[in-house]
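[1] I'd like to go over a predicted model; first the sequence, then the structure.
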Amino acid sequence: MTVLTNMFFSFVAAASFGIMFNVPKSLLFKCGTVGMAGWMVYYFLSEHSIDSLPATIAASFTIALIGHVYARVYKTPVIIFTIAGIIPLVPGGTAYRAMRSFVQNDYNAGINLAAKAFMISGSIALGLILSDVFYQLILRKKAPAEKKQA
Amino acid sequence: MGALNTIGVIRLDALLEKQYDIMDVSLLAGKIMLENGAETYRVEDTMMRIALSYGIEESHSFVTPTGIMFSIETDEPTKTKLIRISKRTTDLYKVSAVNAISRRISAGELTVSEAYKELKAIQRAPMFFSFLVQIAAAASTSGCFVILLKGSWDNMIPAMLSGALAYFLLLKVADIVPTMFFSEFIAALAGGAAAYVLFRLGLGSDLDRIIVGTLIPLVPGLLITNAVRDLMAGHFLSGLAKGAEALLTALAIGTGIAVVMTFI
């Protein structure tokens, strides 16, 4: 049941973010699936007590990979899918708790949490980068003569 | 003799005009993409592709978040144009529409003037989703986050209400006060205050999760993604500029919510 709830809400969250960025209507559903896939990877890994950093890297890797495939199939820029997809991974809660600690003059806890939020943001970026590299390697192997389009 | 010269001049004029038209189409495409949230390398790539499809073998584009320089090399002396980009919003429909036009140009389906007309139409197109739908989407994002962060169901309604208010202010304040980051600050401030008021009124049980949900629609997700992609594509100037913008946006949100928390 929790799995289904998570799937549903991550889908709706990513699709709603797509609406806020005015993603074409026909692609909203795909944005939702990308966000859902990424969040489910993160969810399952963290449920199996894997640290949030590797879980985030794996999730954003998945998101960008699906995004690249969609971009190629539907001939649209890849950012349309990745932006909506990474939103559930953003360390909003950690950043908020860091800010609250700072305001309460608890600088030690604040810096801890801020560093964690920063590392998670870095993991999102790293996952996206790894995925780009991976995708380009596959593409080159598959079709060496073909020019890069998406 | 005189007549021949005239014909030559007319021909040259027509050629020059055509080259300038091609530049205009490329620049317009680049401008629309950059203003609506495309990555820098995609803008450069699209502009050069369009020029190439119209027979300009060598062209150079230099794109930063605040301006585009574009020059084409032909038999004539190099022609260069510069346009300034002052406002940037996010409208991914326009990015993908221009991308589609660029593909059609590459396939040879559009003449220069047809392409220019279509691009102008895209530039003028209003947001596909109305203002109200966007506010509703922000509310739905806020509500979903409460659940994703393992919050209980009763926190969803207050998060949706304050999230909608925060996003409404984010869009509206930017129209009234053009200062950068001010609208993010006000949105976080008002959103946090609204979350607190709703919490005190008995809606919801977990103030922290309500506030996090409220702030999620303000997160600069596009900037983060594009900064990374630009840096990796070797566009250090744009990547750093966008990274700085994302960081300052996050700081503005943090400051706004910090002000609220000082009074709680």
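    All right, it came through fine. Numbers count the residues shown, from 1 in each chain, chains lettered A, B, ... in the order given.
[2] Tell me where the chain has helices.
    Here I'm looking at chain A. Ranges of helices in chain A, per DSSP state H, are A:2-20, A:25-47, A:52-74, A:79-86, A:92-103, A:107-142.
[3] not quite, I wanted chain B
    For chain B, applying DSSP H gives helices covering B:2-35, B:40-53, B:92-106, B:112-124, B:131-148, B:156-176, B:182-200, B:207-215, B:221-232, B:236-263.
[4] Out of these, which one sits most buried?
    Per-stretch averages of neighbours, counted by mean count of other Cβ atoms under 10 Å in any protein chain shown, single out helix B:207-215 among those, with a mean of 28. C-beta: built from backbone N, CA, C; applies to glycine.
[5] So that helix, near chain A or not?
    Yes. Using Cβ under 8 Å from any Cβ of the partner chain, helix B:207-215 reaches chain A at B:Asp208, B:Arg209, B:Ile211, B:Val212, B:Leu215.
[6] how close does the second one get to B:Gly37?
    Which is B:Arg209. 29 Å (Cβ to Cβ, to the nearest Å).
[7] where does the residue lying farthest from the centre of chain A fall, phi/psi-wise?
    Distance to the chain centre peaks in chain A at A:Asn105, reaching 32.2 Å (criterion: Cα atoms, centre = their mean). When read as degrees, to the nearest 10, the backbone of A:Asn105 gives phi 60, psi 20.
[8] Could you tell me which residues make contact with it?
    With contact set as Cβ atoms under 8 Å, 6 or more residues apart in numbering or on different chains, A:Asn105 has no partners.
[9] can you count the residues close to A:Ser26?
    When neighbours are counted by other Cβ atoms under 10 Å in any protein chain shown, A:Ser26 registers 10.
[10] follow-up on the earlier one: want to throw the helices of chain B into JSON lines with mean pLDDT and distance to A:Ala71?
    As requested, these are exported to JSON lines (pLDDT from 0 to 100; distance: least, Cβ to Cβ, whole Å):
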{"stretch": "helix B:2-35", "mean pLDDT": "77", "distance to A:Ala71": "15"}
{"stretch": "helix B:40-53", "mean pLDDT": "90", "distance to A:Ala71": "11"}
{"stretch": "helix B:92-106", "mean pLDDT": "91", "distance to A:Ala71": "10"}
{"stretch": "helix B:112-124", "mean pLDDT": "89", "distance to A:Ala71": "19"}
{"stretch": "helix B:131-148", "mean pLDDT": "91", "distance to A:Ala71": "22"}
{"stretch": "helix B:156-176", "mean pLDDT": "90", "distance to A:Ala71": "27"}
{"stretch": "helix B:182-200", "mean pLDDT": "91", "distance to A:Ala71": "29"}
{"stretch": "helix B:207-215", "mean pLDDT": "89", "distance to A:Ala71": "29"}
{"stretch": "helix B:221-232", "mean pLDDT": "81", "distance to A:Ala71": "12"}
{"stretch": "helix B:236-263", "mean pLDDT": "87", "distance to A:Ala71": "20"}
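[11] Reformat those helices as TSV; add distance to A:Val23.
    Shown next, in TSV, are the helices of chain B (distance: least, Cβ to Cβ, whole Å):
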stretch	distance to A:Val23
helix B:2-35	15
helix B:40-53	16
helix B:92-106	5
helix B:112-124	15
helix B:131-148	10
helix B:156-176	16
helix B:182-200	21
helix B:207-215	21
helix B:221-232	11
helix B:236-263	20
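[12] and stretch B:217-226 with chain A, contact?
    Yes. For stretch B:217-226, a contact with chain A is found by Cβ under 8 Å from any Cβ, at B:Pro217, B:Val219, B:Gly221, B:Leu222, B:Ile224, B:Thr225, B:Asn226.
[13] these two touch, right, B:Val63 and B:Val43?
    Yes. Counting by Cβ atoms under 8 Å, B:Val63 does reach B:Val43; the two are 4.8 Å apart.
[14] Which neighbours do the two have in common?
    Any residue near both B:Val63 and B:Val43 by Cβ under 8 Å, 6+ apart counts here, and that gives B:Gly30, B:Leu34.
[15] measure B:Ala190 to chain A for me?
    From B:Ala190 across to chain A, the span is 16 Å (Cβ to the nearest Cβ, to the nearest Å).
[16] wait, doesn't that residue sit right on B:Leu165?
    Yes. Contact criterion Cβ under 8 Å: B:Ala190 and B:Leu165 qualify, at 6.1 Å.
[17] residue ranges with poor pLDDT in chain A?
    Low-confidence segments of chain A, defined by pLDDT under 70: A:142-150.
[18] winner for burial among the helices of chain A?
    Highest mean neighbour count among these (mean count of other Cβ under 10 Å): helix A:79-86, with a mean of 30.
[19] Quick check: which helices or strands does that helix pack against?
    Packing contacts for helix A:79-86, counted by 3 or more Cβ pairs under 8 Å, 6 or more residues apart in numbering or on different chains; DSSP states H and E, involve helix A:2-20, helix A:25-47, helix A:52-74, helix A:107-142, helix B:92-106, helix B:221-232.
[20] repeat that with 7 Å
    helix A:2-20, helix A:25-47, helix A:52-74, helix B:221-232 (3 or more Cβ pairs under 7 Å, 6 or more residues apart in numbering or on different chains; DSSP states H and E).
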